[in-house]
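J.: here's my sequence, what's the structure:
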Amino acid sequence: MNRRLFVQTSIAAAVAAALPVSQSYARVLGAPTTVDADINAFTGDGAEVTLKRAAVQELGDSLRGDLLLPGHEAYEQARRVLNAAIDKHPALIVQCKGAADVKNAVDFARESNLLVAVKCGGHNVVGKSTCDGGMMIDLSSLRRVRVDPQAQIANVSGGSHLADMDHESMAFGLVTTAGTVSHTGVGGLTLGGSFGRVGRRFGLALDNVLGVDIITADGRLHHANSEENQDLYWGVRGGGGNFGVVTSFDFRLHEMDREVIGGTVVFPFSEAKNVLNFFADYAANAPDELYVDGGISSNPQQGSSVFLHICYSGPKNMAAKIVDPIRNAGTPIFDDIKSIDYVALQRSGDISDPRASGSYMKSGFASEITPEVIDAILYGFEEHPQRSMAVVYQHAGGAIGRVASDATAFAHRHVKHDTLFLMHWPLGIDATEHFNWVRQYWKTVEPHTRGVYANDLVDMSQQKVHRYYGSNYDRLLALKNKYDPTNLFRLNANIEPTG
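T.: Got it, this is the predicted structure:
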């Protein structure tokens, strides 16, 4: 999930051109209720299994939501994810409307030993929210946010989008960290970490999780917080979807003015080295109230440019002093930095939804941006008539780094920037050349990173997963053995159980 196509905000402004939207988010109604035949499916281990018609019908009849099967229009839309290069066909899709539907789906999948994918916003760049021949548990109908402004807590259903949370909480002058693209799913993003425009001020989204309701592989519903099921509460905050399906979150909210200073300033690519060197120094010493991303981008229409994207939520009388140096980092060719509604800023990248194109990503955490890595980025960057490319440093640090590495399952408290290499290409072409180029390009920058964001993890080998979780791995493995000993929930930054 992709938090994650936050870079689209910056790319869209930097090149002044959005990638096309090919599909509506509106849910297609009229799902089937009758199961006409047995269904061929796959287990988590890849073995073939036949689901009997009567059993699948019983599952469908048990739902308040919808059971979707291949061959129906509703199924075709529901199976899709953000990255259009991912084209998988689940054997069945359960669109859940409540925790009971999730429980019924999990029980059926466990008893049938089915491969299981859990979809919220569908942003995972490698398509872990869908599968071929298994069950997709689709939470897109499980969307509700209830704000208690006195307690400053938001109760958020597991399928909600960031836009739902931002809209409801900011109506009361309250906010929590919530990524940077509003149609991202709250669930997948939060369980992996969730950076965002106010993360340096208020911490990761998972740092603001006060409690969750989660259905584990045995079909039981657990409430986990600092007093109840404390081990599970620790594990879900950074352990991803390894332990079950979260049906609701309680988030801590913070007071914040609705009007912030935000937007993007773009400079000629010829000034990239000077601008990025400025950015490296300025971001390292920024106050918590300033979030500033920096990077370079290109697409076949506009060519290349360098950009800085900001959100400043601090005192208004300090805004000019903090923002003006950013505007003066080079010779602007585009500047839309202004006073803006925070919710509008959070939506500002949404039009760049690349559902008509393929996507590929490499990423890694950085503690600093050195002149050497800037040279490597600029030396290796190439324009191409068939691809769009961005290298972006997403700003972290601040409050994110003032949490102990073992306080939550997310261990990477050293991170000051999340380094992102993101490529798009039009569907219908052979992208092998582009994959190979990005992989080689990434090798020049990867040595300057330490760790990687779970939601961006492309290589799911146990070596990589172990390295990602670091010193927290053994504790997480014990939790996996306890709550999911058969690895029902494996389509994630997966911890393979040993028990």
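
J.: and this protein, what are its domains?
T.: For the chain, the domain assignment from automatic domain parsing gives the residue ranges 39-138, 145-255, 259-456.

J.: for residue 463, which of these is the nearest?
T.: Within those, the stretch nearest residue 463 is domain 259-456; the backing value is 12.4 Å (Cβ to Cβ). All C-beta spots, glycine's among them, are computed from the backbone N, C-alpha and C.

J.: helix or strand with the lowest mean pLDDT in the protein?
T.: In the chain, the helix or strand scored least confidently by mean pLDDT, DSSP states H and E is helix 7-15, which has a mean of 42.

J.: following it, which helix or strand shows up next?
T.: strand 39-42 (DSSP states H and E).

J.: the next helix-or-strand element following that next one pairs with which strands, parallel or anti?
T.: Taking DSSP H and E as the definition, the helix or strand that follows strand 39-42 towards the C-terminus is strand 48-51. Note on strand 48-51: by DSSP bridges, its sheet partners are strand 39-42 (antiparallel).

J.: buried ones in the partner strand?
T.: In terms of neighbour count (16 or more other Cβ atoms under 10 Å), strand 39-42 has its buried residues at 39, 41-42.

J.: just the CA atoms of it, as PDB, please.
T.: Provided in PDB are the C-alpha atoms of strand 39-42 (Å, rounded to 0.1, in the frame of the first residue of the first chain):
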ATOM      1  CA  ILE A  39     -14.600 -23.900  -7.900                       C
ATOM      2  CA  ASN A  40     -11.000 -24.800  -8.500                       C
ATOM      3  CA  ALA A  41      -8.600 -22.900  -6.300                       C
ATOM      4  CA  PHE A  42      -5.200 -23.000  -4.700                       C
END
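
J.: what's next to that strand, contact-wise?
T.: When contacts are defined by Cβ atoms under 8 Å, 6 or more residues apart in numbering, strand 39-42 is touched by residues 48-51, 53, 56, 69, 91-92, 112, 114-115, 131-135.

J.: what's next to the helix or strand hosting residue 323, contact-wise?
T.: In the assignment (DSSP H and E), residue 323 maps to helix 319-327. The set of residues external to helix 319-327 that reach it, using Cβ under 8 Å, 6+ apart, is 261, 265, 278, 282, 286-287, 290, 292, 308, 310, 312, 314, 335, 337.

J.: pretty sure residue 433 sits in a helix.
T.: Yes: under the criterion used here (DSSP: H, G, I helix; E, B strand; the rest coil), residue 433 sits inside a helix.

J.: gap between it and residue 238?
T.: Shown here: residue 433 relative to residue 238, a distance of 36 Å by Cβ to Cβ, to the nearest Å.

J.: what's the answer for residue 277, then?
T.: Counting by Cβ to Cβ, the separation of residue 277 from residue 238 is 33 Å.

J.: which of the two has more neighbours?
T.: When residue 277 is set against residue 238 and neighbours are counted by other Cβ atoms under 10 Å, the residue ahead is residue 238, at 25 against 15.

J.: how about that one, what does it touch?
T.: Under the criterion of Cβ under 8 Å, 6+ apart, the contact list for residue 238 reads 191-193, 206, 408-411, 454, 472.

J.: repeat for residue 288
T.: When the contact criterion is Cβ under 8 Å, 6+ apart, the partners of residue 288 are 200-201, 398-399.

J.: now it: closest residue in space that isn't a chain neighbour?
T.: Here the nearest residue to residue 288 in space, its sequence neighbours aside, is residue 398; by Cβ to Cβ, 6 or more residues apart in numbering that works out to 4.1 Å.

J.: okay, now that neighbour: neighbour count?
T.: As a burial measure, the neighbour count of residue 398 was computed by other Cβ under 10 Å and equals 20.

J.: who touches it in this structure?
T.: Shown in contact with residue 398 (Cβ under 8 Å, 6+ apart): 199-201, 286, 288.

J.: also residue 396?
T.: Counting by Cβ under 8 Å, 6+ apart, residue 396 makes contact with 195, 199-200, 365, 415-418.

J.: kindly state the pLDDT recorded for it?
T.: We have a pLDDT of 97 for residue 396.

J.: tell me the secondary structure at the residue lying closest to it once chain neighbours are set aside.
T.: The shortest distance from residue 396 to any non-neighbouring residue, by Cβ to Cβ, 6+ apart, is to residue 415 (4.7 Å). At residue 415, secondary structure determined by three-state DSSP is coil.

J.: what is the burial count for residue 415?
T.: Using other Cβ under 10 Å, residue 415 has 25 other residues around it.

J.: would you confirm that it contacts residue 368?
T.: No: Residue 415 sits out of contact with residue 368 when judged by Cβ atoms under 8 Å, with a separation of 10.6 Å.

J.: one step back: ranking the contacts of residue 288 by neighbours, who comes first?
T.: Most neighbours among the contacts of residue 288, by other Cβ under 10 Å: residue 200, with 27 neighbours.

J.: excluding sequence neighbours, find me the nearest residue to it.
T.: Using Cβ to Cβ, 6+ apart and skipping residues adjacent in sequence, the residue nearest residue 200 is residue 398, 3.0 Å away.
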